[in-house]
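Student: Here is a sequence with its predicted model. Questions after.
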Protein chains: 4
Amino acid sequence: MIKVGIVGGTGYTGVELLRLLAPRQDVRLEVITSRELQGTPVSDLFPNLRGFVDLPFSSPDTEALFACDVVFYATPHAVAMKTVPALLKRGVRVIDLSADFRLKDRALWEKWYKVTHESPEYLAEAVYGLPEINRAKIAGAQLLAVPGCYPTSIQLGFLPLLEAGMVDTAYLIADAKSGVSGAGRKASVGSLLTEASESLSAYGVSGHRHLPEICQGLDSYAGEQVKLTFIPHLTPMIRGIHSTLYAPLREGKDPAVIQQLFENRYANEPFVDVLPQGQYPATRNVRGANRCQIGVCYLPANNMVVVLSVIDNLVKGASGQAVQNMNIMFGLDEEEGLRNVALLP
Amino acid sequence: MIKVGIVGGTGYTGVELLRLLAPRQDVRLEVITSRELQGTPVSDLFPNLRGFVDLPFSSPDTEALFACDVVFYATPHAVAMKTVPALLKRGVRVIDLSADFRLKDRALWEKWYKVTHESPEYLAEAVYGLPEINRAKIAGAQLLAVPGCYPTSIQLGFLPLLEAGMVDTAYLIADAKSGVSGAGRKASVGSLLTEASESLSAYGVSGHRHLPEICQGLDSYAGEQVKLTFIPHLTPMIRGIHSTLYAPLREGKDPAVIQQLFENRYANEPFVDVLPQGQYPATRNVRGANRCQIGVCYLPANNMVVVLSVIDNLVKGASGQAVQNMNIMFGLDEEEGLRNVALLP
Amino acid sequence: MIKVGIVGGTGYTGVELLRLLAPRQDVRLEVITSRELQGTPVSDLFPNLRGFVDLPFSSPDTEALFACDVVFYATPHAVAMKTVPALLKRGVRVIDLSADFRLKDRALWEKWYKVTHESPEYLAEAVYGLPEINRAKIAGAQLLAVPGCYPTSIQLGFLPLLEAGMVDTAYLIADAKSGVSGAGRKASVGSLLTEASESLSAYGVSGHRHLPEICQGLDSYAGEQVKLTFIPHLTPMIRGIHSTLYAPLREGKDPAVIQQLFENRYANEPFVDVLPQGQYPATRNVRGANRCQIGVCYLPANNMVVVLSVIDNLVKGASGQAVQNMNIMFGLDEEEGLRNVALLP
Amino acid sequence: MIKVGIVGGTGYTGVELLRLLAPRQDVRLEVITSRELQGTPVSDLFPNLRGFVDLPFSSPDTEALFACDVVFYATPHAVAMKTVPALLKRGVRVIDLSADFRLKDRALWEKWYKVTHESPEYLAEAVYGLPEINRAKIAGAQLLAVPGCYPTSIQLGFLPLLEAGMVDTAYLIADAKSGVSGAGRKASVGSLLTEASESLSAYGVSGHRHLPEICQGLDSYAGEQVKLTFIPHLTPMIRGIHSTLYAPLREGKDPAVIQQLFENRYANEPFVDVLPQGQYPATRNVRGANRCQIGVCYLPANNMVVVLSVIDNLVKGASGQAVQNMNIMFGLDEEEGLRNVALLP
């Protein structure tokens, strides 16, 4: 029985962790914190959890966190960095869904997040929780940084091509489309249904915080510094990321070779689903599921590979991936609690 | 291991049955039929099922259905009535999600469905699969008629009041709002996103096929013939039914009495969730879950009880309820395979 | 040339007024106020107005308002009551889209809005701006109270029946469904796309602020006190109100009589469209248009009339109706600037 | 008074033409055809037109078309090519919203549309109706081919860069996102709300019919053959196209130079709105309006220009552009009937 705590349980990654963890027999939710809502039953805020989660929210200062085997941080950035060290020192393993420990380069992190990092000494030891590239290290991690949603879909889409050294890395483009839940559960005019539905727009055009995280990964897979243009878009749906990736090849290839490259790379990955040639993904295929679904198309006339990579941003892009990491860290079946079928329609 | 067949696997109740059944260890999917798509892998049509369902669609004429323990019909009306008898005679139990065996009165059925019933001799023995009223009979059913989506939400909402004899049954009103998936997965202009989104309209105003089914139930709970005005509405969402029920009381009551009536009636029902006084349901609270969530409000000035009853039309309103019935029929834990938390947001 | 000012131009009724007024040749926008955004170009906030509105927001304290012929208040309640008297005293006519001057009964207003009314002396003279009932008084109004969105659709739907004295007024029900723009353009978690889309729920079940306004109207049309149960619902769309009204008749009627009653009552109303018998409205039929579209169905078995009344809550339910009132007040063609066709799809 | 006929009035470009033309005083709708619905009032199909259009649909074989000054074809491809010549020979001018006369190269057209062109002799004389590039020719056109929706947004976005010769044309990418109305008003499973809402997917990945039309334009602006990768996406909204265009520069530039290039190119264009530097468009900014809104961002690190170009696919991408062309062809004010403000929210 794994004793679990959740810091910051009032956002979407929080409720999603609860959805995935509450029905499990091998996990016990010990404590869920919220500074604003302490004392309120969790299921008053999230009525889908009635009958599944009986806990009220606790103060984030509760000692109960120290009695957990693992604590998830489902907080905005710059929160985990303040209190994670105390937990680690007491032997509690930490899975941080926020951005605090994703970048190795402290200066880069501080530039993009515009705040001083309060626990830079942990940046080196934190393990980047993308199992498809880092599974062995994850198993032994004390501090696990869950990748961001855009970075997950984009890295998994480019990974086989970069590892194979096939791509002209000077012209990489990631045109990504996200559902509104990526903006979290905070009151903001831009995320109102009246503002965000029946519309589509780009944002962060001149630079988005996920860019350095993505590049940190792509550079390492490519073994060189890539030039990536990354444009995120806000789309009128709740969940889902669809990343359309453009990778010009160094030299022409047979389309079947490209397809095979992807199928081989992910043959043993339980949560990456490479579609047959000629099939392309839709975000709804993975809604609610911890799955990255990938379609590949090679356009010989332009010598261009187009990769279509979709995830549910709250599952494989956040809480599902966090649970997948927990499973690995605790020596469980990696798929435990993550075998549900996506909700379609 | 229960051997399961599904007739008519290309619609939304079909894919929803597969979502609920495929991950189960105690159920084996033997055969899924589709006349049009025989030979096509099921997961080509429903890519959320990749890795979960490896079967292709079979011809509906397949002998494999006779080797099943139970066959689900996820077909339009007037299909099951043709082939169900042959299965029953070979000892196969049948769970029919269509309307064919819901009404006891053949003439009434033929009037509303405008077709001659080809197996009227089974109308009497078919068990109406609303566990909250019929659990014992369900356990022994050979032929199970799964209630319709509107009827489920409306009957569960009125049930406690009618059983208690509190209501003036001459003025019952059910104003129901449904997501578009209630219209099924067939090409029709009215269900296009361009027609149905960003709009709301009533339909079937002068009479909807679910009316006699609802009244058959309400009459029996009330012990008298009720007068129900039932107006369904098409609303711009995929899943969900929200039934707003208006029941004038014969005489004034303390609001707490009404609340208690509902809580008591459903205290032991695993899939009916009565909200605390002052809380009201939203369809998203039950999205993907086999749950009817009910809120009650008594308005003393008008001596009116307003009941708000929500379900996911494809789960408690169709496939989930079908699985719940299967669990009862086969002596399994009634909640088996139905413990997932609703997907929120 | 009518000189127009708008107080509170940052909400949806504000931008909608601008959409309707900006292209007109007979109206000149003099000033648009916003305390928070003074100095910001209006079209920076609402980029659909680029090239149509060149003004920046002004301070609400600007003297420019006094130079207008008419000032629209597109503010939350309890704002207009503070500054309207000063304008009236200077001879500026006022069209208030908020609730401040809709109720004749001060105590009732204060009970529902939970604030002391600061200009109660104007409640009597304020004209309730429902042209279909009040056209003559509107022409001479100095202070015009624009009806609320729910009240417009519900009153226009019940009006013919109540005037004809046909209805048993003890059992009136208004089940109303609104798009999210009814909640305005303010940051709130409940109106986020992630919360409000793909869901439907009732709210204000035990009492909504529009109830006394509706009853004030219905009582006067009926010549007696009606008992109305009014349940509003939040639905996943931007614009539109669909009111489903249930009115039991005192005695049975021929359906054609009911249909004729509605057609006759609204025969000369430019903005009320009674559909032919057997046709029912959809909110999208009036999206962006100043039109109330009504369908009527009489159910003889229950002796019940069901009226379906739809409007665009921001047009006939707010800014369009305000412009219609302005046209009447200034002796213009009532349809001026309101002849656009609804946007479908 | 211009006498107008419309062939094929039952689709979305048809109803949109009617929305724009019906309120005009200088245009008279003479005839609207539909083979299936002849005799049915147009406003029965499109209830937003009640009171605006009193015509029934006529047979497409009606002689009334020959009495028109101009006939719009709002038909699927391969219809106009059959009957347009007869109209032209009788002196009727034709504005074809379909694809039949957009390509100059007959073989290319037949390759993509997989049908023999029946009026190839008109391909040369047909004028491509993009006023921003072709205004003078449009004025004298007898046969006008209205550009497709994707081609309009993409060509207007790339145009200034290509005319300036700044771009490395070997790596052009157009990642376009369309609302579902782009698929027309025909019953198809893929366009159902249940299939297309809450999801996002690419389609036509290996080649879309609009590609040759786009390239025909881009090649001519660039004065050389460009290599364009064009990936369209289906997004969960009714209207709107958002094209995200990636153009690597031949050599580095000052961002202000790029911005100025766009502002200068479109300074006198009434329907192209270049946003100030740092502002980016949203499709809702142009919903219902005949406007292309463009934002530009130069990313120096990658030497990449990103252009964001949005239109309403049914207006500037179809019927609005058709009306703009009609205005030019008949010597009217180009903005006549097209001055409405976009519907926001």
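Tutor: Yep, it's here. Computed from a predicted structure; not experimentally measured. Numbers count the residues shown, from 1 in each chain, chains lettered A, B, ... in the order given.
Student: if I read this right, A:T244 contacts A:L308, doesn't it?
Tutor: Yes. Contact criterion Cβ atoms under 8 Å: A:T244 and A:L308 qualify, at 5.8 Å. For every residue, glycine as well, the C-beta is placed using N, CA and C.
Student: okay, stretch A:272-292 in PDB with CA atoms only?
Tutor: Output in PDB follows, covering the C-alpha atoms of stretch A:272-292 (Å, rounded to 0.1, in the frame of the first residue of the first chain):
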ATOM      1  CA  VAL A 272       2.900   5.300 -27.300                       C
ATOM      2  CA  ASP A 273       0.700   4.100 -30.100                       C
ATOM      3  CA  VAL A 274       2.100   4.500 -33.600                       C
ATOM      4  CA  LEU A 275      -0.700   4.400 -36.100                       C
ATOM      5  CA  PRO A 276      -0.400   2.300 -39.400                       C
ATOM      6  CA  GLN A 277       0.700   4.300 -42.400                       C
ATOM      7  CA  GLY A 278      -2.000   6.400 -43.800                       C
ATOM      8  CA  GLN A 279      -3.900   6.700 -40.500                       C
ATOM      9  CA  TYR A 280      -3.800   9.900 -38.500                       C
ATOM     10  CA  PRO A 281      -4.700  10.600 -34.900                       C
ATOM     11  CA  ALA A 282      -7.400  12.700 -33.300                       C
ATOM     12  CA  THR A 283      -7.200  14.100 -29.800                       C
ATOM     13  CA  ARG A 284     -10.400  12.400 -28.900                       C
ATOM     14  CA  ASN A 285      -8.800   9.000 -29.500                       C
ATOM     15  CA  VAL A 286      -6.800   9.500 -26.300                       C
ATOM     16  CA  ARG A 287      -9.300  11.500 -24.200                       C
ATOM     17  CA  GLY A 288      -8.900  10.400 -20.600                       C
ATOM     18  CA  ALA A 289      -6.200   7.900 -21.500                       C
ATOM     19  CA  ASN A 290      -2.500   7.900 -20.800                       C
ATOM     20  CA  ARG A 291      -1.500   7.500 -24.400                       C
ATOM     21  CA  CYS A 292       0.400   9.300 -27.000                       C
END
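Student: still on that earlier bit, between A:T244 and A:L308, what contacts are shared?
Tutor: D:A202 (Cβ atoms under 8 Å, 6 or more residues apart in numbering or on different chains).
Student: D:L18 versus the residue nearest in space to the middle of chain A, what's the distance?
Tutor: Closest to where the C-alpha atoms of chain A average out (Cα atoms, centre = their mean) is A:G317, at 2.8 Å. Separation of A:G317 from D:L18 (Cβ to Cβ, to the nearest Å) stands at 44 Å.
Student: A:C68 too?
Tutor: On the measure of Cβ to Cβ, A:C68 and D:L18 end up 64 Å apart.
Student: More neighbours: these two, which one.
Tutor: Set side by side, A:C68 and D:L18 show more neighbours around D:L18, with 27 against 22, by other Cβ atoms under 10 Å in any protein chain shown.
Student: next structured bit after the one helix or strand the more buried one maps to?
Tutor: Element membership of D:L18, judged by DSSP states H and E, is helix D:12-21. Per DSSP H and E, helix D:12-21 leads on to strand D:27-33 as the next helix or strand towards the C-terminus.
Student: right, is that next one up against chain C?
Tutor: No. For strand D:27-33, no contact with chain C is found by Cβ under 8 Å from any Cβ of the partner chain; the gap never falls below 12.4 Å.
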